[in-house]
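Colleague: sharing a sequence plus its predicted fold:
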Amino acid sequence: MHLEAYCAILAGGIGRRFWPASTPARPKQLLPLAGPEPLIDDTLARAVALVGSPRVRVVASERLVELMRPNLEAAGVAALMEPEARGTGPALVWTASEIERAHPGALMICMHTDHRIEPAGALRETLEPALEAARAGYLCCIGVRPDRPETGFGYLETGGEIASGALEVRRFVEKPDLAAARAYLESGRFLWNSGIFVWRAADLLETARRCARELEAGWPALERGDAEGFFARAEPVPIDVCVMERAERVAAVEARFSWDDLGVWSALMRSREVDGAGNAAVGSTRLLDAADNVVWTESCRATVIGVSGLVIVEANGELLVMTREEAARLDARLGQLDAESSSSEATR
């Protein structure tokens, strides 16, 4: 039996923090970062199992949709093509509008392509009470019990139980520093914000109209079904900021599954199998007296000797070597290199 809901999969972005394997021609959605299959295939399989292929919508730019077209067609899933990237706020409000227009009163589950979720059956067990909370008029977030003081994820603080299996959300907290993350872990009141949301499409739209001032200029276009006009006038903003942090009726359901956000190369140490020395290796590799490394190679064999704590990636004619601590800053570091390269060329 499928759940009586639609599932929106946010599949935007090119994943620059997974360079050089992730590029505009082959974005991270098409990479096997969580296992042997591309991220998009894993996510589509989860969504189709939950709600059935006719009720799955992949939300991405036209260019990304075309790159993922074979995967979507194989799963029998349709796409909603964003006119431009404006963040999860405009994307999910527009998607809710399209779903509400097609099926008034519909429930809506929102997921991302770059998540690892295991086992799949536990996702359904988690979503069932979240859907009950959504039927009661709550905007619901799936929270994950932290197992470490993680500074790369957002958090939410929970209160008492407000519905069967659902907790009050007192506040959302953006990525904290290490001291705050340790305090959140010790308190037991905080969950990671997984970015998986459940709500009635109409409730999200009503709350966004009231709370999301960043989208106000685009409402007339949205109401007449003008996606291009809406995106052109809406400000770029995350859904957490423009709706969830300002809404009155927000609930959380704690995940019954193991979850991870595959946002940087170092996450492969949690998503892929590691050897006895803590190395996560994908591709043809040889490792000797090496520990706690991420190694990804596509066109040659990588031999790694006597080093630890590195990320080593060979793909698309490029070789990246950095410490694991640099993984979260890779996008900014590449920006620095691009700026320096442009400056050098300009002075020639």
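Modeller: Alright, I've got the coordinates. Numbering: from 1, shown residues only.
Colleague: tell me the pLDDT at the nearest residue to Ala212 once chain neighbours are set aside?
Modeller: Closest residue to Ala212 apart from its sequence neighbours, by CB to CB, 6 or more residues apart in numbering: Cys242 at 3.9 Å. (Each C-beta comes from the backbone N, C-alpha and C, glycine too.) What the model reports as pLDDT for Cys242 is 96.
Colleague: now do the contacts for Cys242.
Modeller: 89, 208, 211-215 (CB atoms under 8 Å, 6 or more residues apart in numbering).
Colleague: buried ones only from these, please, as a ChimeraX command.
Modeller: In ChimeraX syntax, the buried subset of the contacts of Cys242 is picked out as below (16 or more other CB atoms under 10 Å):
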select :89,208,211,212,214,215
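Colleague: bridging residues for Met108?
Modeller: Judged by DSSP bridges, the bridge partners of Met108 are Tyr6, Trp199.
Colleague: was I right about it contacting Ala5?
Modeller: Yes: proximity of Met108 to Ala5 meets the contact threshold set by CB atoms under 8 Å, at 6.3 Å.
Colleague: common neighbours of the two, please.
Modeller: Val198.
Colleague: neighbour count winner among those two?
Modeller: Met108 (27 against 24; other CB atoms under 10 Å).
Colleague: check contacts around the more buried one.
Modeller: 5-8, 95-96, 99, 198-201, 204.
Colleague: if you set the cut-off to 7 Å instead, what comes out?
Modeller: Met108 makes contact with 5-6, 8, 96, 99, 199, 201, according to CB atoms under 7 Å, 6 or more residues apart in numbering.
Colleague: separate out the buried members of those.
Modeller: Members of those classed as buried by 16+ other CB under 10 Å are 5-6, 8, 96, 99, 199, 201.
Colleague: greatest separation within those: which pair is it?
Modeller: Ala5 and Ala96 (12.2 Å; CB to CB).
Colleague: burial measure for the closest residue to Ala267 other than its chain neighbours, as a count.
Modeller: Once flanking residues are discounted, Ala267 sits nearest to Asp260: 6.1 Å by CB to CB, 6+ apart. When counting by other CB under 10 Å, one arrives at 20 neighbours for Asp260.
Colleague: avg pLDDT for the one helix or strand Asp260 maps to?
Modeller: Using DSSP states H and E, Asp260 falls within strand 258-261. On average, the pLDDT along strand 258-261 is 94.
Colleague: same check on stretch 33-45?
Modeller: Here the average pLDDT along stretch 33-45 is 96.
Colleague: now that stretch - C-alpha only, CSV.
Modeller: C-alpha atoms of stretch 33-45 as CSV (Å, rounded to 0.1, in the frame of the first residue of the first chain):
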residue,chain,number,x,y,z
LEU,A,33,28.1,8.6,-3.3
ALA,A,34,25.9,6.6,-0.9
GLY,A,35,26.4,3.2,-2.6
PRO,A,36,26.8,1.5,-6.0
GLU,A,37,23.9,3.4,-7.6
PRO,A,38,23.7,7.1,-8.4
LEU,A,39,22.1,9.3,-5.7
ILE,A,40,19.1,10.1,-7.9
ASP,A,41,18.3,6.4,-8.5
ASP,A,42,18.4,5.7,-4.7
THR,A,43,16.1,8.6,-4.0
LEU,A,44,13.7,7.8,-6.8
ALA,A,45,13.4,4.2,-5.6
